[in-house]
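In: My questions concern the predicted model and sequence given below.
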Amino acid sequence: MSSHVGGASPVRCDSLAEPQLLYIDGTYRPSSDGAAFPVRNPMTGNTIYESASATIEDYNLAIENAHQAYQSWSKTGPSTRRRIFLKAANIIESYMNEGAPELLAQEVSATSYWVKVNLLATAGLFRETAGLVTHIKGEIVPADRPGTTILIERQAVGVIFAISPWNAPVNLTARAVACPLICGNTVVLKPSEFSPKSQNLVIKALTAAGLPPGCLNFLPTSPERTPQVTEFAVKHRKVLRVNFTGSDRVGKIIAGWAATCLKQCVLELGGKAPVLVLDDADIDDAVEAVVFGALSNSGQICMSTERVLLHKSIAGVFKDKLLGKVRSLKSGNHLEDRDVSISGLFTPASATRVVGLIKDAVEGGATLLAGNLQITGPNKTIVTPHILEGVGANMDIAHKESFGPIMVLSEFETDEEAIALANSSDFSLCASVFSKNAMRALDVAKEIRTGSCHVNGPTVYVEATLPNGGTGGSSGYGRFGGMAGVEEFTERKIITLAKPGMRFPF
């Protein structure tokens, strides 16, 4: 059993053969009833290791300890918090040479590129978050009442319950905990059941960097127990904020639980990102961005490009170049060939669902331009890129998030028609517009109902400084990143000072 800060090398990654334990109040431990669940390699189907499965009792213990740790952590000076995050950034980077690539490859079928993105983006996020600590500021407000000074202080909230997903396991786990911690909150984190060890890299780095016990608690949980413990944590009276990154289906459940106790949430949910290619676009640039946005991590990103809207005048040229680019990409088993660009999906069920969406569309009259409708690989998780056109608005693939390597092409004649098509989805996370006329593209971008819209760049783009999130609907609400994150994880406290001798009417 590992223990407190300094007990292990700060750059050592756990062996894949070791069980994954819970981390509560600075100590790794089994679950209170000894229960565990298998974590499987999605490419092979083989069990990689066993992970402890947290109980309600474990969650209660973690929340109580986080509440206690909050009393001191919230009073810690900014320089101390900054040093911890800067050190953690260096430690995360060191994991590139200490087993993390193999860990992510085994747990989430991460390609070499995706491993690098996860670790280096996390280091950047930690450094950017460290810089926020002296920008958590209040203000002095003029008072009408004589002899009165009004202060508005920005204070930490308390215990945050965070749930982070498997698809970018290091980066999105860091995002879930970093801003809450730098603001002076403490965190109870539930990782995905598919990637506990990858997500534990964040806990190890922050712990090794000097984060005190109790400030960050890590409770992997089996799928069977997840609904019960999640409801318990969301509704716990000492949990004062919730953040969740994941599907809109689960986000609605969490929002419902939080609503019963009027608890604030940050919910970054799904996406159905459109790319609008206008008639004056640079076609080569647009093709490059669409392919990157649609197929990075096999389309398993909330910002993935799923809808490609083409002006009729350039549609033919665009399709030819898109098909050529997609044919040049290598799909396959990343465990056998580390140079593949597109590897397997995260479960066989996901692959079956993705291909099912495509088959239903083709049976309904859509045209398949690329793809073989096959699922391959030792565990039936590899799906090659598929491109469709002629998809009807009533087809599931037109309005459901696919979370796979799929692009749906459609055409338009006017900018107004393109905007209407882009806004026809219930998702509102991100979009892109391509045009050589920057002001025209800006006008179009302003009319698209999304939290972000990129001009002449891919939909898959975010930086740690940016207020990332949707504008409601199936993409959720609230924002991670920069000062927007500080707004989400702090409270404004009004403090008034009155001069002695003040007299009142009665």
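Out: Arrived safely, thanks for sending. Numbers count the residues shown, from 1 in each chain.
In: What ranges in the protein fall below the confidence cut-off?
Out: Applying pLDDT under 70 to the chain flags residues 1-13.
In: Quickly list what residue 389 is bridged to.
Out: In this entry, residue 389 is beta-bridged to residue 367, residue 409, by DSSP bridges.
In: Starting from residue 340, give me the distance back to it.
Out: Note on residue 389: its distance to residue 340, by Cβ to Cβ, to the nearest Å, is 26 Å. Any C-beta I mention is one placed from the backbone N, CA and C, and that applies to glycine too.
In: neighbour count winner among these two?
Out: Shown here are residue 389 and residue 340; by other Cβ atoms under 10 Å, residue 340 has more neighbours (20 against 17).
In: wait, that one sits on residue 298?
Out: No: applying Cβ atoms under 8 Å as the test, residue 340 and residue 298 come out as separate, 10.1 Å apart.
In: Let's verify the residue nearest the centre of the chain: helix, strand, or coil?
Out: The centroid of the chain falls nearest to residue 172 when counting by Cα atoms, centre = their mean (4.3 Å). Assigned by DSSP: H, G, I helix; E, B strand; the rest coil, the conformation of residue 172 is helix.
In: Please determine how far it is located from residue 36.
Out: For residue 172 relative to residue 36 (Cβ to Cβ), the value is 24 Å.
In: With residue 457 instead?
Out: 44 Å.
In: what about residue 79, how many neighbours?
Out: Residues contacting residue 79 under the criterion other Cβ under 10 Å number 10.
In: quick one: it is in a helix?
Out: Yes: counting by three-state DSSP, residue 79 is part of a helix.
In: need the contact list for the nearest residue to residue 45 once chain neighbours are set aside.
Out: Closest residue to residue 45 apart from its sequence neighbours, by Cβ to Cβ, 6 or more residues apart in numbering: residue 379 at 3.8 Å. The contact partners of residue 379, taken as Cβ atoms under 8 Å, 6 or more residues apart in numbering, are 41-45, 344, 348.
In: Confirm residue 379 sits in a helix?
Out: No: note on residue 379: no helix contains this position according to three-state DSSP, which reports coil.
In: could we number from 401 for the rest of this?
Out: Right, with 401 as the first residue, what we last looked at is residue 779.
In: which residues touch the nearest residue to residue 558 once chain neighbours are set aside?
Out: Ranked by Cβ to Cβ, 6+ apart and with sequence neighbours excluded, the top spatial neighbour of residue 558 is residue 640, at 4.3 Å. Neighbouring residues of residue 640 by Cβ under 8 Å, 6+ apart: 557-560, 663-664.
In: Sheet-wise, list the partners of the helix or strand containing residue 640 with their directions.
Out: According to DSSP states H and E, residue 640 maps onto strand 639-645. Using DSSP bridges, the strands paired with strand 639-645 in its sheet are strand 559-563 (parallel), strand 664-668 (parallel).
In: Torsion angles phi and psi at residue 468?
Out: Main-chain torsions, residue 468, degrees, to the nearest 10: phi -70, psi -40.
In: Ok, residue 486 next?
Out: phi -70, psi -40.
In: so what's it up against?
Out: Contacts for residue 486 were tallied using Cβ under 8 Å, 6+ apart; they are 526-527, 530.
In: rerun at 10 Å
Out: With contact set as Cβ atoms under 10 Å, 6 or more residues apart in numbering, residue 486 has these partners: 523, 526-527, 529-531, 609.
In: Any quick PyMOL command for the buried ones out of these?
Out: Of the contacts of residue 486, the buried ones go into a single PyMOL selection, burial set by 16 or more other Cβ atoms under 10 Å:
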select buried, resi 523+526+527+529+530+609
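In: Quick check: neighbours shared by residue 740 and residue 698?
Out: Common contacts of residue 740 and residue 698, defined by Cβ under 10 Å, 6+ apart, comprise 509, 511, 731, 782.
In: So which of these wins on neighbours?
Out: residue 509 (28 neighbours).
In: That one: what's it in contact with?
Out: With Cβ under 10 Å, 6+ apart, residue 509 has these contacts: 441-444, 697-698, 700, 733-735, 740, 742-746, 777, 779, 781-782.
In: which residues in the stretch 751-900 of the chain form strands?
Out: For the stretch 751-900 of the chain, applying DSSP state E, counting those that start in this stretch gives strands covering 767-770, 786-789, 806-812, 830-834, 852-855, 890-898.
In: so of the ones you listed, which one's packed in deepest?
Out: For the strands of the stretch 751-900 of the chain, the largest average neighbour count (mean count of other Cβ atoms under 10 Å) is found in strand 830-834, namely a mean of 30.
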